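Undergrad: Quick one, what's the 3D model for this:
(chains A and B)
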Amino acid sequence: MSALLIAENLGKSFRRGGVRLAAVDGASFSVDDGETLGIVGPSGSGKTTLARLVVRLIDADVGTLQFEGADLLALRGKALRATRKRIQMVFQDPLAALNPRASVADVIGDPLRIHRLADSGGRPAAIAHLLNRVGLPAALASRAVHEISGGQRQRVAIARALATEPRLIVLDEAASALDVSARAHILKLLVELQAESGISYIFVSHDIAVVRAISHRVAIMDHGRIVETGPTAQVIAAPQSATGKALIAAVPHLMPAQD
Amino acid sequence: MSLVARFTRSPEGLFGAAVLAALIVIALGAPFLFPRDPLSIVGPPLTAPFTDWALPLGTDRLGRNVLAELVHGSRASLLVGFAATLAAIIIGASVGTIAGFAGGLVDEALMRVVDAFQTVPGFLLALAFVSVIGASLPVVVLAIALSAWTGPARLARAEVLSLRERDYVAAARVIGMHPAEIAFRQILPNALAPVLALSAVIVAGAILTEAALSFLGLGDPNIVTWGSMIAEGRAVLRSSPFLSIIPGIALVVTVLGVYLFGEGLSEALSRRAVRS
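TA: Alright, predicted model coming up:
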């Protein structure tokens, strides 16, 4: 396995009331092909900022980001838009992340149209195929996004992310806004998709139980810094950092293994 | 559908809609109701209203049928009102969307242009524009739009500023959508509802501005308008006040109808905003 994404010393600070606050401070990590990196931390630890830095929704102040061996931070305009098809993102609240006026077909069809992956004749078939991949009936395509359930919406958002056949999907609290059974189904779906296509995930969550279920490796964040990284089982069994210990201690039912 | 349902629950909105519908029917039916040129002379001058059933609203100084003039005048009022509003909304929403979405220097520059237009009284701007370029219907429409686009621009900008932070806009960027498509196809349609609610006020204002321009002799001289009818009647205001009063009433009813329609519409829209 080779590294798909390498971040070194990434930093981003925001100005709030004249004071510069570091949201992400010197974060270094890597994601291998077909691997899931879980990023956990308490709220305000900079997880979401880090996720948005990786997908270039916000620009880093310092540091480097290499994707498929190329400098991701150097890309601008058209070149950046073309590269975006290789890195996708799924957001926390699927209702907020889908245009309220759009239909399911619009949402999934947009990336196909933008990257010319299917002409207008072949698009309905491509959309139906993507809906099937995320376990939804093809008939859902004509529905408006506000008409379907939260779990279905998140599947639609995943189908949109899959449309361009990306190498990496950044999932920012992608299962957090869902009820327990929908969450379990989404996690299962993500694992299946990874087994099918060898896609890599960066899975950001405050919930260490969810991260444990899906991640190969875990990075623990606090105050913008990555305080601990390691294989998931090892980090959960014996956390080295204070933040890691606190996070795991806060989930007492996690310790007796359920499997 | 639910918007229509909420709209029908407001009595003022329904009244406004009825007035507006009647006016549109009259304006569209004018060539069939009064096929002759409304500026042609059909009877003795200054016939009082309700004295001759062939000329129910009497005749003006030159013996022209006042009812025919009134009916044909509604065309100019509505046409100018709607066309100027459409132009103002298109210009305003585009400028506001670009300013709000681009931000930074572009935003600053565009909003200073808006400020500049807003510091000049709208009617004065229209007056200057028409008197320099010359009076014709398209020029009058453009002149009124130039004085009315700043409201929609400010409103669209404010909406876009809040919408552009939404996750669905971030998602559109992540899939590689072009910024122009994000601004005009993802954000603008969602920013349009409050801007459209403003449109009724603009229509009412545009109708009044057109009447005022016509009253000052800066309307299109080849068509009848209510403003020019009032100006025409002014010369005989003491002996035949009805010549000014009748188009004046038409103007008041129209503006009131448009305004009430707008009230009902914005009420229905704000109820939806509260619910969602």
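
Undergrad: if you skip the residues just before and after it, what's nearest to residue B:72?
TA: Nearest-residue entry for residue B:72: residue B:38, 4.1 Å, with adjacent residues in sequence omitted and distances by Cβ to Cβ, 6 or more residues apart in numbering or on different chains. Any C-beta I mention is one placed from the backbone N, CA and C, and that applies to glycine too.

Undergrad: helix or strand for the one you found, which one?
TA: For residue B:38, there is no helix or strand it lies in under DSSP states H and E.

Undergrad: what sits against it?
TA: Listed by Cβ atoms under 8 Å, 6 or more residues apart in numbering or on different chains, the contact partners of residue B:38 are B:64-65, B:68-69, B:71-73, B:224.

Undergrad: Mind pulling up the pLDDT for the residue in the stretch 101-250 of chain A that chain B sits nearest to?
TA: For the stretch 101-250 of chain A and chain B, the shortest gap (Cβ to the nearest Cβ) falls at residue A:111, measuring 4.2 Å. According to the prediction, residue A:111 has pLDDT 92.

Undergrad: how about residue 44, phi and psi?
TA: Looking at chain A here, since you left the chain open. The phi and psi torsions at residue A:44 (degrees, to the nearest 10) take the values phi 90, psi 10.

Undergrad: burial count for it?
TA: Neighbourhood size, residue A:44 [other Cβ atoms under 10 Å in any protein chain shown]: 15.

Undergrad: So it versus residue A:23, what's the distance?
TA: Residue A:44 is 9 Å from residue A:23, where distance means Cβ to Cβ, to the nearest Å.

Undergrad: ditto for residue B:110
TA: Residue B:110 is 30 Å from residue A:23, by Cβ to Cβ.

Undergrad: Compare those two (neighbour count), which wins?
TA: Neighbours per residue, other Cβ under 10 Å: of residue B:110 and residue A:23, the larger number sits with residue A:23, 22 against 18.

Undergrad: in terms of contact, does the more buried one touch residue A:14 like I think?
TA: Yes - between residue A:23 and residue A:14 there is a contact at 5.7 Å, judged by Cβ atoms under 8 Å.

Undergrad: The residue nearest to residue B:72 and residue A:86: what is the separation?
TA: Taken as Cβ to Cβ, the span from residue B:38 to residue A:86 is 68 Å.

Undergrad: closest to residue A:80 among the contacts of residue B:38?
TA: Comparing the contacts of residue B:38 against residue A:80 with Cβ to Cβ places residue B:73 closest, at 57.0 Å.

Undergrad: From the contact counts, what lies against the helix or strand containing the closest one?
TA: Element membership of residue B:73, judged by DSSP H and E, is helix B:66-102. The contact analysis (3 or more Cβ pairs under 8 Å, 6 or more residues apart in numbering or on different chains; DSSP states H and E) places helix B:66-102 against helix B:11-33, helix B:104-119, helix B:137-148, helix B:150-163, helix B:188-215, helix B:226-234, helix B:242-275.

Undergrad: Quick one: closest of those helices to chain A.
TA: helix B:188-215 (5.8 Å).

Undergrad: Buried residues, that closest one. List them.
TA: Using 16 or more other Cβ atoms under 10 Å in any protein chain shown as the test for burial, helix B:188-215 gives B:188, B:190-215.

Undergrad: ditto for stretch B:233-240
TA: Going by 16+ other Cβ under 10 Å, stretch B:233-240 has these buried residues: B:233, B:236, B:240.

Undergrad: Go through the residues you listed and name the one nearest residue A:35.
TA: Scanning the buried residues of stretch B:233-240 for proximity to residue A:35, where the rule is Cβ to Cβ, the winner is residue B:233, at 84.7 Å.

Undergrad: which parts of stretch B:133-146 are buried?
TA: B:135, B:137, B:139-146.

Undergrad: just those: which has the poorest pLDDT?
TA: residue B:135 (83).

Undergrad: Now name the helix or strand holding it.
TA: Residue B:135 belongs to no helix or strand, assigned by DSSP H and E.

Undergrad: separation between the nearest residue to it once chain neighbours are set aside and residue B:212?
TA: Nearest residue to residue B:135 in three dimensions, chain neighbours excluded: residue B:218, at 5.0 Å (Cβ to Cβ, 6+ apart). Going from residue B:218 to residue B:212 by Cβ to Cβ gives 9 Å.

Undergrad: Equivalent analysis for residue B:121, please.
TA: When residue B:121 is compared with residue B:212 (using Cβ to Cβ), they lie 12 Å apart.

Undergrad: ok, now which ones touch residue 151?
TA: I went with chain A, as the question did not name one. A:178-179, A:181-182, A:185-186.

Undergrad: you looked at the wrong chain, it should be chain B
TA: Per Cβ under 8 Å, 6+ apart, neighbours of residue B:151: B:88, B:92, B:198, B:201-202.

Undergrad: Any residues of chain A in contact with chain B? List them.
TA: Within chain A, the positions near chain B by Cβ under 8 Å from any Cβ of the partner chain are A:52, A:55, A:57, A:80-82, A:84-85, A:87-89, A:91-93, A:96-101, A:110-111, A:114-115, A:157, A:160, A:163-164.

Undergrad: Endpoints of stretch A:124-143, how far apart?
TA: With Cα to Cα, to the nearest Å as the measure, stretch A:124-143 spans 13 Å from end to end.

Undergrad: what element comes up after the helix or strand harbouring residue A:187 heading to the C-terminus?
TA: Take DSSP H and E as the rule and residue A:187 turns out to sit in helix A:180-197. Per DSSP H and E, helix A:180-197 leads on to strand A:200-205 as the next helix or strand towards the C-terminus.

Undergrad: what's the angle from that next one to helix A:180-197?
TA: Per axes from the mean of the first three to the mean of the last three Cα atoms, to 10 degrees, the angle that strand A:200-205 makes with helix A:180-197 is 160 degrees.

Undergrad: So which elements touch strand A:200-205?
TA: strand A:3-16, strand A:19-32, strand A:36-40, helix A:47-54, strand A:168-172, helix A:180-197, helix A:208-214.

Undergrad: can you give me the mean pLDDT across that strand?
TA: When pLDDT is averaged over strand A:200-205, the result is 93.
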